[in-house]
Every structure is written in C-alpha cells, then in structure tokens.
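>>> no sequence on this one, just coordinates:
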C-alpha cells in the first residue's frame, strides 16, 4: 500500500502545482518515502533498525529558459513564495539560459508491487544466525561473517498539471560477507541475493552461503595475475559489469547533451561483435532497479541499445530527450529527493546467445573464467574501460587447473573488447543489488547481467 | 518537524529506554548545474534529518535500534516508533558498552550568515575564469554549496552543536587535438572559500586534459624496467582510508587488522596523525556519531604502528582507556624526498583508483600519467599499474610538495618503487 503520508499530501501537491503555475510555465512535484528495515547478524554485532532513508519532496519549476528545483521535508502549508525565494538566482549569475520546456501527456495511474512473504524479525534473524554459525563451524579460519537482510519499501507520487501517478514497490536484499584469515593473510568474499519477496531471497542466501565461504578460503591461495592479454570467459555478473561500464554509461543521453559521449557519433555503426545484443529498462524484469515510473513521471521502458553488434540508441531522462528531440525512455533517476535527475541505467544486460557454457570452457587454450563483480569505471568520452572481478579461475586446454587469481582488473578500449566477443552462452542472468555512481557521486540501485561471454582482454 | 524538546520528552517518557542518542542535521544548500557556461538548473535544498538511536542495556548486554523522524511524525507516531525500536533492541543484543560521558559540551559559535547563492555564483565564476583556452574548455560544471547545523544530544547529558560548510565542484574539462576530444574528471571539495584556489585547480585539470589529448601508449614509449611511480589525489585518499581503518578498534576486534601495535609499517619514519578537523579538509568533524569530541591521535609514529582509534563500542570491547572517537581526517608528516632529477612516472588520473583493504591490492587503469625520462615529461595513457600497498608502504618516499585533500593533509605525492606497470 502507498505510504500514507505521501497519500495524504496528494491534495497539497495538486494545490501547490496550481498556485505555482501562476508564475511558472511548468511545475511538477515528486514525493518520496523510502523505508528500510535492516537486520544485521554478524560474528561481533547484531542490530535491527527501521530507517526512513528518504522522506521528502522536490518541486521542479520552469521559466525563462531554465529549471529550478526546491527540495524540502514537507509540502503541507508550503507557500509558493517560499519556493520562489529559495530558487532565486544570484543577480551575478549569467542569464544565458537555453533549455526548452518539458511537454507532458495526460497520465493518471497507481502501481503496486509488494513483498508476498510475511516473515517476522525473529524468523529472519534465525535464518541469518544459523547461516553465520554454520560457516564458523565449517572452518576455524573464519574470522567474521556479516549477514544483512534489507527490505526496502519505496513509495513515490508524481504530480503535475497533466499527471498524477503513485507507485509502491518492495525489494529485498540479503548480503553475506565472510572474512577468513590464515596468519597475516586476510581475504573476504561476498554474495548478494536480491528478490521481490523475502522468503525466496533468504532461501537463496542459505543455499549459496557455503559456496561464498569456499571461494573466500580458495582466495587465501590466490595469486595476482601476470599482466597481459588473455582469452576470458566472463560469468553473468562480469558480463553485466562490462555492459554497464562499456555501453551503459556510454549511452546515457544526458552525456549526449553535454557532448560527453563518443557513442553519439556511432549510432548505426558496429560497436561490438555481431553476436552482441544489449538492453536496458526498468520494465525489463523485476530487480533492485525496477520501478513503474521514473523520477520525471515517465513510465518504465525497455530499450534495445545494441542490436546484432550495431549501436541503436541511448537511454534518457525527460530533459535530455527533449533537448535531443527523442522520446524519453524512463531512465530519469535521482539519488534521493535531495538530488537532481540524471539519465541513469536500470537493468542493463547482454542478451543470451546460442553457445553452451561447457563448449565455451573447452574452447579456451589458456585463459580465465572471471567471476563476481567487484567494481568498475566508465569513460564515455574516450571509451577506456576498467572492470574488476573479485577472482578468476585458470583454464588450460579447455579444463580448469584449480589455480585462482584475485583480484583481476580488466582494462582496455571498449570497442576492442566488445568486438572480440566470439561466443555467447545460452543462459542469461540479470542480477544486482549493487549501486552505481555517475562520475564519483549520485548513487542509485542498478542491476545488470547477461550470459557467459568469451572475449579477448587485457588483465592486470 | 517535531521540536527537539518534544522528541526528548517522548524518549524520557519511555521507561524501557535506558539510553538514547539524537542527531539533528539542518542542511541548506544551493546548487548550480551548467552545460558549457550555460545554466541548465539551479537547486535549493532545505531539509532536516533527525535520527534517533535507542538503547536497552543492562550490565552485560546492550541492544540498540535506530529510527528516523519524518515530517509525518508527531508525538503519537514517534511513541509508536520508539516502542517498536525498544522491542527490536531487545531482540538484537550485543556485549555491553557504555555511551560517551558528558564531559564538556561542544558549542560552536553560529557562523555569520552566508549568502549561499552568491557563493555558488562566485564559485562558478572562479571555475569559468580558468576556461580561457581555444582548444580546451569546460564541458560541464556542477556547484554544490552547503551549510549544515549539526546537533548531537544523548541521555548522558551531551548536547553538542557544530556548523559545517562545504563547497563541492564537479568539473569536466575537455581538450581537442583537432582529430578527437579528450576529457578528464575533477571533483573539488573544501570546507573553506578559496576562489583563487578553485581557478588554479580547474586550470590544472584543463592542462591535464591537454596532456591526455597528446598522450602516447606503452607501445610507443618504452619504459625502464624499474621506475618510481608517484601517486596523488584519489589514491592517497584511498590509502589514508585503509590505514585509518586498519588501525581502528573495529578491525582489531574483528581480527581484520594487518598491523599490530609496534609493527613496522614503513622503513620511512613518517608520522600519521588522525584528527577531527583540518582546515580545507571537507571530511572534518568536531564530534563523532556517539558524541565523542575528537582529539588528535598519532596512529603511526616514525613508521611504526603506535595507536588505534575508533568508536566507543569497539574501543570499550578492547578495554581502551582513552577512546578517541572515529577520526575522519589525517595529517602525514614526513621528510620530503627529491625525485625530480631521476626518471619517474606521475599518475595524474586513474579511471578509478582501486585499493582492496584485505588483500592490499592497489592500482588501476591509468587515464593520464606523466613520464619523466630524465630530460622531459611525456604524457602516457591506456596502461595499468598494480602493487600491494602493505608491501609498497615499507619503502615509500614522499614528495616535498604539500597538498590538502578532503581527508588528508601532507605530501602531494607518495613515491613507490615496486609497482608493476603493464
């Protein structure tokens, strides 16, 4: 059910929109409440917290070629004059404004997606506790286990002259981190399960926990990679990371407006192997990054970014789409009501192909299966890429040797990497509980994934 | 929002709450967003964030739970939240630890009113003052000027008040070599107003973008097998974060520390002093999340690990007598080393500097480096460096030049002699 506080403020929002329309050519109000229930069970500290990560409003107005926004805790009793005063520009700011006004269509709707499980805190703690104790019992080198359940409940309203939208959706993340120590050698490994309902997320967490510890223990013997160019097979999380960093950020169309994306010159060109298809969209699947409408009040879409290796289009927020004369794709997202909208990814992934995973491994003479997203960085203007995998497993003559490297940094030129893709598996996983920044700030939840990919890459 | 006294009345009326901490932050900010030098959006943010942590303790155990206050709350809803928080605190008990003692309350003098609009506008002008080149320009600029009033109240009688001020500027410089355009990334942060300093830093990053536009690759320039590598800015901030974390009570208690006290961190006899505040460091704070007023602590003296720092919970578990609080900024004092005459490689910009606390791996893909071959500087791009920070620190040297970053004051460059360039 939509947060009651937000529901109670819809009449206030409508009234404020009408009042502000007397002075401004465009007005919209976004209200957001994000409530997090966080249950942490670890080797050393436990806690249960109920934290409203967000609760507030942002009022967006347009006049004379530029937009202004005012973020505040509440709109009840808020006077139009307070907003005018708050967004007043200093007289010394250059008045060279050139932005066009947003045009909207009539849209009124309510959306709902809720956790279908009804587990008590105690039941959740018991699962987390048993898992933690089970890992400690398995190996005395385990020094710390942190299990964290987070249920994020998001409610939003969007009100403008032509729109009145509400949405409520839940997402559950269960994260396991385990640290092991052998003398001075410390390693840690993690896994995050994200689901729309608590029971499924906790069951997966329980099922995968032993494997998380196994990898952490193997990491104790992992070696650094000998820098060089290798044949790689990427697991779905690393495939997703590459999609995200290579042509996710690269086609965020607010970067097109700023002339910060090389992709704008490559629409209709081959940017990847013909085996490659890539998508983004909040409507694509149910994940940490799925919603019904974005922070501009635009319905979630599905965008085909790369078709058979050819770059098709980008993703956009409303303002960027208007500037570029394209349709918005429902990718306008804010870190919170206190921050500006940017074009942001949602569920970004490579489509499945036709190859069998086993055949892909057999085809590698010497290389690595790269696993588990660690982090990455985009370079949309110059197409350099950096993606870090938590570990890699050595393959020689089509078989795993048992050797592990960790961590592994993949770097190089985006097009070289994507054009080198020679096999694409027939399995596809979109997974994500991580967060993505734009530059070094503006953190939002994203999901990404894909099939296993075979490519050539520089590792270091 | 509920008034402080109303919140405290609710907390005191709940007899199951043995202790509480309340943090109230009133934030006021003005933001300007430019494409080239054209204003696209201006923003104002005026918000209150109130966080309440309730404790249910006895002599052996402490349970705690955190709730947040929203504009929707009144005494009735807050009492309901507190009742639920008590039950959650009882369900998640930890070993006992006390709250910070009252000591002396920190009451910062209210700063004179600042015109945040004017400061934001002047900061934009300072950025654009550097935008004077024909082949180079500033592609986008975001300015954030923030003032905050922070109040911390606890059931032990603490009532601290402090005021924060920060300027943050994201700036994307671009340079064209007529065939292609090249960009770099800059995030400037400071807790003081220094328009000349902003212009200087933006000019430097524009010049760095120019270097990237003419940078060569390792296929075109052969580097000697052993070459001192100088890291700066983001990577130094990462190193400070890792050293501070490693010598924290939490890491010691969790057995995730790499250095025991009296271990040699480095053969270079540097001192690392953690502090609450340093002028220019945007991460500065007067008191931590438990209300502990922060005082300087030297965690590394003459290259040797000498002390821990951190929050009261883990400090108490380790039976520390003088708990420092969590110290957010660091000053490094060391003898400067001369590097300018020998061949060396300065890493001007990473894609994203990587430093893994557990394994010690550090490095990343380099967007711009300046290679000095003994005669001249040559810009390089498109390669990686890697190493192990715990090994590399043993032989680290420092530059004579000094700098101030968001969490650090000290030598501008760390000089490592054992990094792999590939």
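Done, it's in. Remember, it's a predicted structure, so these values are computed and weren't measured experimentally. Residues are numbered from 1 along each chain as shown, chains lettered A, B, ... in the order given.
>>> taking the stretch 201-350 of chain B, what residue is nearest to chain A?
The minimum distance from the stretch 201-350 of chain B to chain A, using C-beta to the nearest C-beta, falls at residue B:255 (4.4 Å). Yep, even glycine has a C-beta here, placed from its N, CA and C like the rest.
>>> contacts only, for that residue.
A:143, A:144, A:181 (C-beta atoms under 8 Å, 6 or more residues apart in numbering or on different chains).
>>> now residue B:118
A:90, A:92.
>>> got the phi/psi numbers for it?
Residue B:118 adopts backbone torsions of phi -70, psi -40, taken as degrees, to the nearest 10.
>>> kindly state the pLDDT recorded for it?
As predicted, residue B:118 sits at a pLDDT of 94.
>>> try residue A:117
86.
>>> what about the residue nearest to residue B:399 when sequence neighbours are not counted, neighbour count?
Leaving aside its sequence neighbours, residue B:399 sits nearest to residue B:413 (C-beta to C-beta, 6 or more residues apart in numbering or on different chains; 3.8 Å). Other residues lying near residue B:413 total 25 when counted by other C-beta atoms under 10 Å in any protein chain shown.
>>> surely residue B:413 meets residue B:235?
No: between residue B:413 and residue B:235 there is no contact under C-beta atoms under 8 Å: 10.0 Å.
>>> quick one: contacts for residue A:153?
A:3, A:34, A:35, A:36, A:37, A:168, A:169, A:170.
>>> my bad, should have said residue A:225
A:368, A:392, A:405, A:408, A:459, A:460.
>>> filter the contacts of residue A:153 down to just the ones in strands.
A:34, A:35, A:36, A:37, A:168, A:169, A:170 (DSSP state E).
>>> beta partners for the fifth one?
For residue A:168, the beta-bridge partners are residue A:112, residue A:155 (DSSP bridges).
>>> cool, the third one as well?
Judged by DSSP bridges, the bridge partners of residue A:36 are residue A:51, residue A:152.
>>> ok, it - how many residues close by?
Residue A:36: 17 neighbours (other C-beta under 10 Å).
>>> tell me the contacts of it?
With the criterion set at C-beta under 8 Å, 6+ apart, residue A:36 makes contact with A:49, A:50, A:51, A:52, A:53, A:150, A:151, A:152, A:153.
>>> do you know how far it is from residue B:81?
Distance of residue A:36 to residue B:81, computed by C-beta to C-beta, to the nearest Å: 14 Å.
>>> direction included, what does the helix or strand containing residue A:455 pair against?
Taking DSSP states H and E as the criterion, residue A:455 maps to strand A:453-459. Strand A:453-459 sits in its sheet next to strand A:228-234 (antiparallel), strand A:408-413 (antiparallel), strand A:423-424 (antiparallel), going by DSSP bridges.
>>> quick check: ChimeraX command selecting the buried ones in the contacts of residue A:225.
Selecting only the buried entries of the contacts of residue A:225 in ChimeraX, with 16 or more other C-beta atoms under 10 Å in any protein chain shown as the criterion:
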select /A:368,392,405,408,459,460
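>>> follow-up on the earlier one: pLDDT on the strand holding residue A:455, on average?
Mean predicted confidence for strand A:453-459 is 96.
>>> and if you look at stretch B:2-11?
On average, stretch B:2-11 scores 96.
>>> lowest average pLDDT across the strands paired with strand A:453-459?
Taking the mean pLDDT of the strands paired with strand A:453-459, strand A:408-413 comes last: a mean of 90.
>>> name the next helix or strand following that one along the chain.
Scanning onward from strand A:408-413 (DSSP H and E), the first element met is helix A:414-419.
>>> name the residues of stretch A:205-214 that are buried.
A:205, A:206, A:209, A:212, A:213.
>>> ok now do the third one, which residues does it touch?
Put plainly, it is residue A:209. A:131, A:134, A:135, A:176, A:191.
>>> quick one: the helices in chain A, in order.
A:4-8, A:10-20, A:80-86, A:121-138, A:198-219, A:236-242, A:253-257, A:318-324, A:357-362, A:414-419 (DSSP state H).
>>> go through the ones you listed and pick out the most buried.
Most buried of the helices of chain A by mean neighbour count (mean count of other C-beta atoms under 10 Å in any protein chain shown) is helix A:236-242; its value is a mean of 28.
>>> is chain B contacted by it?
No: for helix A:236-242 and chain B, the contact criterion (C-beta under 8 Å from any C-beta of the partner chain) is not met; the two come no nearer than 12.5 Å.
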